[in-house]
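S.K.: I need the structure of the sequence given here:
(one chain, ligands or ions: 2)
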Amino acid sequence: MELVTFDEAWARLERHVPATINIPTDVWNPVEPRWLTRDVSAAVDLPPFSRSMMDGYAIHAADLRGDAPLRVVGDVRAGDALSVSVTPGQAVRVRTGAPVPPGTAAVVREEWVAVEGDAIRLLRPVISGESVQPQGDDARRGDVIARAGQLVDGQTQAVLRAAGVHQYTCPRPLAAAVLATGSELVTGPHAEGGPPPGHVYAATDAFLQSTLSHLGVEIAAVEHAPDDLDAIVAAAKRLAAKVDLLILTGGASVGDADYARAALAALDDDAPLLFERIWMRPGAPMLARPTSKGFAFGLSGNPAAAYVQFHTLVVPFVMRWLGVRGARPFPLMAVLDGDVHMKPVKHTRVLRGRLRLQRATLMFQPEDKQSSGSLAGLVSTNAIARMDGHHLARGATVPVAWTRGWVPSLGLV
Ligand SMILES: Nc1nc2c(c(=O)[nH]1)N[C@H]1C(S)=C(S)[C@@H](COP(=O)(O)OP(=O)(O)OC[C@H]3O[C@@H](n4cnc5c(N)ncnc54)[C@H](O)[C@@H]3O)O[C@H]1N2
Ligand code: MOO
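M.R.: Ligands and ions are numbered 1, 2, ... in the order given. The predicted structure is shown next:
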């Protein structure tokens, strides 16, 4: 069976990212993370009118440094339409957020004036433009305010709304299904006294689901199937016809009860398997192929191996699919905090561990246990690191990717 290098596996995936169907999205709906497929321009000036930044008095250019009393001729509140203007010798009371009247050179905050009946007197000179935000100061109508590839979350939506944008364009949300295979899997609530002999509790779909959900992918189904070729093929076909992304786990290796390859091959259309084994450890047995609705992966049964396959290749692939232009495996570099010695193998090793900031340096500390049978460390794992070769000394620089903490990592690709 052909083994491909890690970089070749990514190159093949990159060439097969499905085309997205772009849909208009309403800026007033709460949003899962989305990525823009087109630049967005401001529909109105931001702010839409010149406004006061303080509670105070709008005054004319002729009165910025005078100490003569200024007659207060009007009062404008936030939300009011303007009906007065400011002329020399006059002031208009304004509130924070109110439009400033025509003729305004500055707003003097109310702490800086003495009120004398229906007039005010400046307690200090004011500079031109003080406490006034001009119309279009932040962005002008027609300016590009968010570029294609930009993350849209509540923060971006706030800007789009403020700039009068009602809709933006991003890929249609993806739906995914997970099919966990293995007759040994116990999928219900924990039984008293542990699982039946020879059985294990299903684990992998928990992190697949949560990470995909964080990316805004809808989880349409999570199913389990025993090691039975017909059952797995039937479930895989049914799910692949329904969702954009199908992830099979287990049975990815070469045993006579390993059916992932047959199940993926049986999917309706005749798209090729892009690869079925990678020079990667853990995580060598991994399958990938386009489907008529999208894409399917077969991940290793070992949860730790599946975790590595998922975060190295599936997550950046899905992010590309969602429109994150820069998404790629191991987008960051970190300094290794510990020596790593491994058996010499031809594989690209992927280490699980913890990223943390030490002063201004990102440090990666590998977990003690790196075997594909070790799962317990994932409780504190928040990153993976790439290791080519079998020895790395403390202080070496390694390519890394976050596996948790989506808010920082989304901005970093
Ligand atoms: N003769 C060979 N045997 C194996 C090879 C090989 O090259 N030749 N490759 C090994 C490698 S490397 C890996 S990784 C595993 C992957 O095998 P499968 O994808 O076929 O996985 P399974 O056999 O189905 O399961 C492996 C292991 O993981 C447990 N498991 C499965 N699914 C789950 C789940 N959802 N939650 C928790 N645990 C799960 C399962 O009980 C097994 O213990 O193959 C090697 N074998
Ligand atoms: O590829 Mo396997 O995950 O090394 O055990």
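
S.K.: how about the residues of the stretch 151-300 of the chain near ligand 1?
M.R.: 180, 182, 184-185, 200, 202-204, 249-255, 258, 282, 284-285, 300 (C-beta under 6 Å from any ligand atom). Any C-beta I mention is one placed from the backbone N, CA and C, and that applies to glycine too.

S.K.: now with 5 Å?
M.R.: 180, 182, 184, 200, 202-204, 250-254, 258, 284-285, 300 (C-beta under 5 Å from any ligand atom).

S.K.: Among these, which ones are in helices?
M.R.: T204 (DSSP state H).

S.K.: Closest to ligand 2 out of the residues of the stretch 151-300 of the chain next to ligand 1?
M.R.: A284 (3.5 Å; C-beta to the nearest ligand atom).

S.K.: On the pLDDT front, check that closest one for me.
M.R.: Here the pLDDT value assigned to A284 is 96.

S.K.: Checking V178 next. Helix, strand or coil?
M.R.: Following DSSP: H, G, I helix; E, B strand; the rest coil, we place V178 in the strand state.

S.K.: Just the pLDDT for the closest residue to W112 other than its chain neighbours.
M.R.: Of all residues not flanking W112 in the chain, L123 sits nearest, at 5.2 Å (C-beta to C-beta, 6 or more residues apart in numbering). L123 is assigned a predicted lDDT (pLDDT) of 96.

S.K.: what's the burial count for L123?
M.R.: Residues near L123, counting by other C-beta atoms under 10 Å, number 12.

S.K.: re earlier: out of the residues of the stretch 151-300 of the chain next to ligand 1, which end up buried?
M.R.: When these are checked for burial by 16 or more other C-beta atoms under 10 Å, the buried set is 180, 182, 184, 202-204, 250-253, 258, 284-285, 300.

S.K.: pretty sure L212 contacts A176?
M.R.: Yes. Counting by C-beta atoms under 8 Å, A176 is a contact partner of L212 at 5.4 Å.

S.K.: Common neighbours of the two, please.
M.R.: 219, 245 (C-beta atoms under 8 Å, 6 or more residues apart in numbering).

S.K.: how far away is the residue nearest to W112 from ligand 1?
M.R.: Separation of L123 from ligand 1 (C-beta to the nearest ligand atom, to the nearest Å): 73 Å.

S.K.: okay but that residue is in contact with E116, surely?
M.R.: No. Look at L123 against E116 with C-beta under 8 Å: they stay out of range, at 11.7 Å.

S.K.: Just the ones in strands from the buried ones among the residues of the stretch 151-300 of the chain next to ligand 1, please.
M.R.: In this view, these that belong to strands under DSSP state E are 180, 285.

S.K.: And the buried ones among the residues of the stretch 151-300 of the chain next to ligand 1, which two are furthest apart?
M.R.: Across these, the longest distance by C-beta to C-beta is 21.7 Å; it joins A202 and A284.

S.K.: In the chain, what residue spans correspond to helices?
M.R.: For the chain, helices defined by DSSP H occupy the ranges 6-15, 154-162, 204-214, 229-242, 260-265, 303-309, 315-321, 406-412.

S.K.: Pick the most buried one from those helices.
M.R.: helix 303-309 (a mean of 27; mean count of other C-beta atoms under 10 Å).

S.K.: next one: that one to chain centre, how far?
M.R.: 21 Å (C-alpha atoms, centre = their mean, to the nearest Å).

S.K.: elements contacting that helix?
M.R.: helix 204-214, strand 295-299, strand 348-358 (3 or more C-beta pairs under 8 Å, 6 or more residues apart in numbering; DSSP states H and E).

S.K.: May I see the ones you listed organised as CSV, with mean pLDDT and distance to D26 added?
M.R.: Listed next are those as CSV, based on pLDDT from 0 to 100; distance: least, C-beta to C-beta, whole Å:
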stretch, mean pLDDT, distance to D26
helix 204-214, 96, 21
strand 295-299, 98, 27
strand 348-358, 94, 36
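
S.K.: low-scoring pLDDT stretches of the stretch 101-250 of the chain, where are they?
M.R.: Within the stretch 101-250 of the chain, the ranges that satisfy pLDDT under 70 run 191.

S.K.: who's in contact with the residue of it found nearest ligand 1?
M.R.: When scored by C-beta to the nearest ligand atom, the stretch 101-250 of the chain has G250 as its residue closest to ligand 1, at 3.4 Å. Listed by C-beta under 8 Å, 6+ apart, the contact partners of G250 are 180-182, 185, 227, 260, 299-301.

S.K.: Check V152 too.
M.R.: Per C-beta under 8 Å, 6+ apart, neighbours of V152: 25, 31, 33-36, 146, 160, 168, 170.

S.K.: P171 pairs with what?
M.R.: Taking DSSP bridges, one obtains N22 as the residues bridged to P171.

S.K.: My guess is it contacts L322. True?
M.R.: Yes. When contacts are counted by C-beta under 8 Å, P171 is listed as touching L322 (5.7 Å).

S.K.: quick one, domains of the chain?
M.R.: 6-21+172-321, 25-46+148-171, 51-133, 332-402 (automatic domain parsing).

S.K.: Could you say which of those domains is packed most deeply?
M.R.: Mean neighbours per residue, mean count of other C-beta under 10 Å, is largest over the domains of the chain for domain 6-21+172-321, with a mean of 19.

S.K.: Tabulate the contacts of V152 in CSV, adding columns for distance to A19.
M.R.: What follows is the contacts of V152, written out as CSV (distance: C-beta to C-beta, whole Å):
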residue, distance to A19
T25, 18
V31, 22
P33, 20
R34, 17
W35, 15
L36, 16
A146, 22
L160, 25
Y168, 19
C170, 14
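
S.K.: of these, closest to ligand 2?
M.R.: Of the contacts of V152, the one sitting nearest to ligand 2 (C-beta to the nearest ligand atom) turns out to be P33, at 29.4 Å.
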